[in-house]
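> sequence and predicted structure are below.
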There are 2 protein chains.
Amino acid sequence: MSRPTLQSLAAELSLSRQTISNALNRPEVVRPDTLERVLAAIESSGYRPSALGKALRSQRSHTIGLRLRPVVDGINGAVLDRFLHALTEAAQAHGYRVTLFTADTLEEEIDRFEDLYRVSSIDACALIETFVDDPRPELLAKIGIPTVAFGRPWGSTTSTHHWVDIDGLAGTRAAATWFRESGHTRIGYLGWPAGSGLGDDRRAGWRAACHDLPGADDLDLSFEDGMAEGFAGAGTLLARGATAVVCGSDSLAIGAMSEFRIAFPEAHPLPVVGYDDTPVAAALGLSSVHQPVEEAAQHCVRVLMSLLAGEPDAQPRELLLTPTLVKRAFTPML
Amino acid sequence: MSRPTLQSLAAELSLSRQTISNALNRPEVVRPDTLERVLAAIESSGYRPSALGKALRSQRSHTIGLRLRPVVDGINGAVLDRFLHALTEAAQAHGYRVTLFTADTLEEEIDRFEDLYRVSSIDACALIETFVDDPRPELLAKIGIPTVAFGRPWGSTTSTHHWVDIDGLAGTRAAATWFRESGHTRIGYLGWPAGSGLGDDRRAGWRAACHDLPGADDLDLSFEDGMAEGFAGAGTLLARGATAVVCGSDSLAIGAMSEFRIAFPEAHPLPVVGYDDTPVAAALGLSSVHQPVEEAAQHCVRVLMSLLAGEPDAQPRELLLTPTLVKRAFTPML
DNA sequence: ATGTTCGATTTGAACGATCAAACTATCGAA
DNA sequence: TTCGATAGTTTGATCGTTCAAATCGAACAT
């Protein structure tokens, strides 16, 4: 009644463990008629080789660890949601699984990673939400855990770990350029306060496209993330004569949108662009910068696979993907 | 250089594996001075018992499997996000981990669960998003996998599996009752079309509180989920004289909110209640029904632990938790 | 007839842990 | 002195797999 094993199958067929094992892993060394007999028995018994046995023998748990962040924001959380899904899917395609854990602090996260690794529960780990001078990649490297980060090393870190990121600068630059090409000359920016890496990068994209426009500096505003903040910021921008606005997040953009729609009721699409292309943005008809998160996740898995195969240079250490601008017709609703 | 094992530690101390093992698991059978010596060695070597070795021996992977749904909606997805986090945390407290997988179809989900279980990758599974006549609990029970569902068995199923759910009826009833007590007599309902279990339950709560009000039936509208739909629905309700509205989701409520705010600019809080208490609702100052998701997740883990301990009746087979109504002052923004 | 070679299969050992049983001193009682 | 009980420790077997080496039988060459 209990699940069949190599041993039990072997006994049933009057063969040895190894022959059964070979039938699955190296069929060419097994005599054809034996092979057929074995495969038939495997089929009918529903035998599946134990992942635990394999793991113990190979010292590979085929598992990638990931710290699940506490839920902060339902809007921007959607990107990490997509990443988690894509990572799971990509890992699955390589016979790997994603295991989650939670941690309250950074130290605890590292400890937990180390512990999971040391007890052979995970083979590798994925980092998300990297920040300025993030010490984690280096700490994990010191421990010796194969690691990949979704998010580049912001700040002055001179680390050499593997990472994938999405070129935020290119995204906001594309948005601002779109507005310029449409004839706008007063294009505002609404983003997070300086110092966040991610936010600075996005702001730099707008600046790259607009720095030569007269009075551009007056149209660069910083706010914490949130719809209310976007609403307020848009008000200021409109008062200063802005006719379009690029935002560092969809939250800000949604807020800005409701101000702009009053100022430019006829505009289609509305001269507001968000960032992340969240489902809410799509629902509201907000143009937004779409991040190729699935590609990023796939690359993360590729990197980890090559690290685990002992070929750290099989994949580029750094990969910067380009986002795309999704132009939407505003859905007149709010 | 490689990680220490019972064997290597034993050799180093001129003791046997078992004594090291006993020092950790049954310290009372080890002579005090030996114990001290062993613990010191464990400490200094940084030995951690291999989860793989333990798992193979005990035939327990200490892992709970969960299918990660494709991201559908950034707003309502937040509830499942919270659940995932809470489940991971609760499992962690019991020495268990949560492993994810993806599947495109229902059949694939079951197959994947079965496979993971058969290869000993998971000990148990958690189901989310149960639907009318959901066959999964029964199928998994037939396979013999310890299972708990977050979501009751909707429809005519007479299943006897373990589940936890949140009393949607109580939530919307509380919302509608709140309006009645505030003097409203024309309270509308905006929810999903009949047939979704979850949606029907929530609608029933409003009905329970309002069925005796004249003309209540005219104020009961069905829409697919979405902000635009909520906006449209609210328009109809206002035209029919509604002065307050209970919604089956925050998406609908956000849409409804922007209509109601024009009709009742002075109302504080705004006479709109959403469902799920998502971060967006909180940011907008939308009153909403808060689900005790963390408690639900904790109960899920408790159930699985008792199932794995062979005590299926240690926990109630069915648990219905009561949500709470969060009353918010509307943030005048949109 | 004897040794060589090769294909097919089996055996032993290992991965790292724990249960169960066996062993070895040490002590007290007969 | 001898036996039994007891505390402390060791050995063997097991969980399910795979690598490496050994074995077996048959075909072939000398």
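Okay, I see it.
> switch to C-alpha atoms for all contacts and neighbour counts from now on
Will do.
> tally of neighbours for A:E109?
By other CA atoms under 10 Å in any protein chain shown, the residues close to A:E109 number 18.
> so it is in which element?
Assigned by DSSP states H and E, A:E109 falls within helix A:106-118.
> can you give me how far that helix is from the chain middle?
21 Å (CA atoms, centre = their mean, to the nearest Å).
> is chain B contacted by that helix?
Yes. Helix A:106-118 is in contact with chain B by CA under 8 Å from any CA of the partner chain, via A:115, A:118.
> how about residues contacting that helix?
A:65, A:67, A:102-103, A:122-125, A:136, A:139-140, A:143, A:145, B:3, B:48, B:50 (CA atoms under 8 Å, 6 or more residues apart in numbering or on different chains).
> hmm, 6 Å instead?
With contacts defined as CA atoms under 6 Å, 6 or more residues apart in numbering or on different chains, helix A:106-118 is touched by A:103, A:122.
> three-state assignment of whatever residue of the stretch 51-200 of chain A ends up closest to DNA strand C?
Nearest residue of the stretch 51-200 of chain A to DNA strand C: A:R57, at 3.4 Å (CA to the nearest atom of the strand). On the three-state scheme (DSSP: H, G, I helix; E, B strand; the rest coil), A:R57 is labelled helix.
> per-residue pLDDT, it?
For A:R57, the pLDDT comes out at 97.
> likewise A:A283?
Looking at A:A283, the pLDDT reads 82.
> and whichever strand or helix holds A:A90, what does it pack onto?
Assigned by DSSP H and E, A:A90 belongs to helix A:77-93. Applying 3 or more CA pairs under 6 Å, 6 or more residues apart in numbering or on different chains; DSSP states H and E, one finds that helix A:77-93 contacts helix A:293-308.
> the helix it packs on to helix A:77-93, inter-axis angle?
40 degrees (axes from the mean of the first three to the mean of the last three CA atoms, to 10 degrees).
> who's in contact with the helix holding A:A90?
Here helix A:77-93 has contacts from A:97-98, A:293-294, A:297-298, A:301, B:74, using CA under 6 Å, 6+ apart.
> kindly report the same for stretch A:247-263.
Contacts for stretch A:247-263 (CA under 6 Å, 6+ apart): A:189-191, A:226-228, A:230-231, A:234, A:273-275, B:334.
> list the contacts of stretch A:207-226.
For stretch A:207-226, with CA under 6 Å, 6+ apart as the criterion, the contacting residues are A:173, A:177, A:188-193, A:251-252.
> related to what we said a few turns ago, average pLDDT for the helix holding A:A90?
On average, helix A:77-93 scores 93.
> tell me how far the helix or strand following that helix is from the chain's mean position?
Next helix or strand after helix A:77-93 toward the C-terminus (DSSP H and E): strand A:97-101. Relative to the centre of its chain, strand A:97-101 is centred 15 Å away, using CA atoms, centre = their mean.
> that older thread, need the contacts of stretch A:207-226 in JSON lines with secondary structure and neighbour count, can you?
Output for the contacts of stretch A:207-226, formatted as JSON lines (DSSP: H, G, I helix; E, B strand; the rest coil; neighbours: other CA atoms under 10 Å in any protein chain shown):
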{"residue": "A:R173", "secondary structure": "helix", "neighbour count": "22"}
{"residue": "A:T177", "secondary structure": "helix", "neighbour count": "19"}
{"residue": "A:G188", "secondary structure": "strand", "neighbour count": "30"}
{"residue": "A:Y189", "secondary structure": "strand", "neighbour count": "30"}
{"residue": "A:L190", "secondary structure": "strand", "neighbour count": "28"}
{"residue": "A:G191", "secondary structure": "strand", "neighbour count": "25"}
{"residue": "A:W192", "secondary structure": "coil", "neighbour count": "23"}
{"residue": "A:P193", "secondary structure": "coil", "neighbour count": "15"}
{"residue": "A:S251", "secondary structure": "helix", "neighbour count": "29"}
{"residue": "A:L252", "secondary structure": "helix", "neighbour count": "29"}
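> A:S21: which of the contacts of stretch A:247-263 is nearest?
A:Y275 (51.6 Å; CA to CA).
> ok, that closest one - contacts?
With CA under 6 Å, 6+ apart, A:Y275 has these contacts: A:248-250, A:288-289.
> specify the beta-bridge partners of it.
Beta bridges link A:Y275 to A:V289, judged by DSSP bridges.
> if we can go back for a sec, count of neighbours near the residue of the stretch 51-200 of chain A closest to DNA strand C?
12.
> over to A:E129?
Counted with other CA under 10 Å, A:E129 comes out at 12.
> for A:E266, same thing?
9.
> what's the answer for A:E28, then?
11.
> next one: phi and psi at it?
Dihedral pair for A:E28: phi -70, psi -20, per degrees, to the nearest 10.
> quick one: pLDDT of it?
93.
> now do the helix or strand of chain A with the lowest mean pLDDT: distance to the chain's middle.
Least confident helix or strand, chain A: helix A:279-284 with a mean of 84, by mean pLDDT, DSSP states H and E. Relative to the mean C-alpha coordinate of its chain, helix A:279-284 is positioned 20 Å out (CA atoms, centre = their mean).
> next one: stretch A:64-83
Centre-to-centre, stretch A:64-83 and its host chain are 9 Å apart (CA atoms, centre = their mean).
> that one spans what distance, first to last residue?
Length of stretch A:64-83, first residue to last, CA to CA, to the nearest Å: 14 Å.
> pLDDT score for A:V72?
At A:V72, pLDDT is 67.
> in what element of secondary structure is the closest residue to A:P27 other than its chain neighbours found?
Leaving aside its sequence neighbours, A:P27 sits nearest to A:L35 (CA to CA, 6 or more residues apart in numbering or on different chains; 7.0 Å). Assigned by DSSP H and E, A:L35 belongs to helix A:32-45.
> got the buried residues for that helix?
Buried positions in helix A:32-45, judged by neighbour count with 16 or more other CA atoms under 10 Å in any protein chain shown: A:35, A:38-39, A:41-42.
> ok, now stretch A:79-95?
So for stretch A:79-95, counting by 16+ other CA under 10 Å, buried means A:79-92.
> now those in TSV, with distance to A:S258?
As requested, these are arranged in TSV below (distance: CA to CA, whole Å):
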residue	distance to A:S258
A:V79	23
A:L80	26
A:D81	26
A:R82	27
A:F83	29
A:L84	31
A:H85	31
A:A86	32
A:L87	35
A:T88	36
A:E89	37
A:A90	38
A:A91	40
A:Q92	42
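> of all those, which comes closest to A:G199?
Once CA to CA is applied, the member of those that ends up nearest A:G199 is A:V79, at 15.3 Å.
> for A:D250, see how far away the closest one is.
If you go by CA to CA, the gap between A:V79 and A:D250 works out to 11 Å.
> repeat for A:D218
Per CA to CA, A:D218 is found 22 Å from A:D250.
> compare those two (neighbour count), which wins?
A:D250 (30 against 14).
> so where's the stretch 151-300 of chain A uncertain?
A:267 (pLDDT under 70).
> number of nearby residues for whichever residue of the stretch 201-334 of chain A sits closest to chain B?
In the stretch 201-334 of chain A, no residue comes nearer to chain B than A:P279, which is 5.3 Å away by CA to the nearest CA. Applying other CA under 10 Å, we find 20 residues neighbouring A:P279.
> circling back: quick one: the contacts of stretch A:207-226 as a markdown table, columns for distance to DNA strand C too.
Below are the contacts of stretch A:207-226 laid out as a markdown table (distance: CA to the nearest atom of the strand, whole Å):
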| residue | distance to DNA strand C |
| --- | --- |
| A:R173 | 51 |
| A:T177 | 57 |
| A:G188 | 59 |
| A:Y189 | 55 |
| A:L190 | 54 |
| A:G191 | 50 |
| A:W192 | 47 |
| A:P193 | 48 |
| A:S251 | 48 |
| A:L252 | 51 |
